[in-house]
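Chemist: please find the sequence and the predicted model below.
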Amino acid sequence: MQQGWLFASISGIPAFLIYAIAGAALLAIFGAIYVHLTRHREIGLIREGNVAAAAAYAGNLIGFSIPLSRAIQQASSIPDLVIWAAVALIFQFLIYLAVQSFLLPDLPGRIERGELAAGVTLGGASIAGGMINAASMTL
């Protein structure tokens, strides 16, 4: 009897590993695309100690990982996960463009100058958008 529950418990490990690795890869891909699409040198600024850049980047990673986690929960397959991750990625970049276009027109310059308010605003908008994005993903 005890072996039955143990087998049932560990039988999900392969699927866990597949989705965890896919999720980590998709998060890394998002992070790489994000740093290439922004007009400021995100990673270089973070390495130099720019807190505004760190807040913006961290907020974007969190903002993407929220709907990514929802997509992992709902995915029927890895291709299904990738499709919903792509939707989340596009949504996150639309948030970035909205903040840059309507709220903080000189967003890249402000982040480069280390203006923490700009980084926190972008990071917060990304997290809020990620929560709405995740909640909007329905079966």
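Modeler: Perfect, I can see it now. Numbering: from 1, shown residues only.
Chemist: what residue lies at the spatial centre of this structure?
Modeler: F64 (2.0 Å; CA atoms, centre = their mean).
Chemist: residue contacts, it?
Modeler: When contacts are counted by CB atoms under 8 Å, 6 or more residues apart in numbering, F64 touches L27, F30, A88, L89, Q92, S126, G130. C-beta coordinates here come from the backbone N, C-alpha and C atoms, glycine included.
Chemist: which residue, other than its chain neighbours, is closest to A118?
Modeler: The shortest distance from A118 to any non-neighbouring residue, by CB to CB, 6 or more residues apart in numbering, is to R110 (3.7 Å).
Chemist: contacts for the one helix or strand that neighbour maps to, please.
Modeler: Element membership for R110, per DSSP states H and E: helix 107-112. Identification of contacts with helix 107-112 by CB under 8 Å, 6+ apart yields 38-41, 45, 50, 52-53, 56, 99-100, 104, 117-119, 122.
Chemist: ranking these by neighbours, who comes first?
Modeler: A56 (33 neighbours; other CB atoms under 10 Å).
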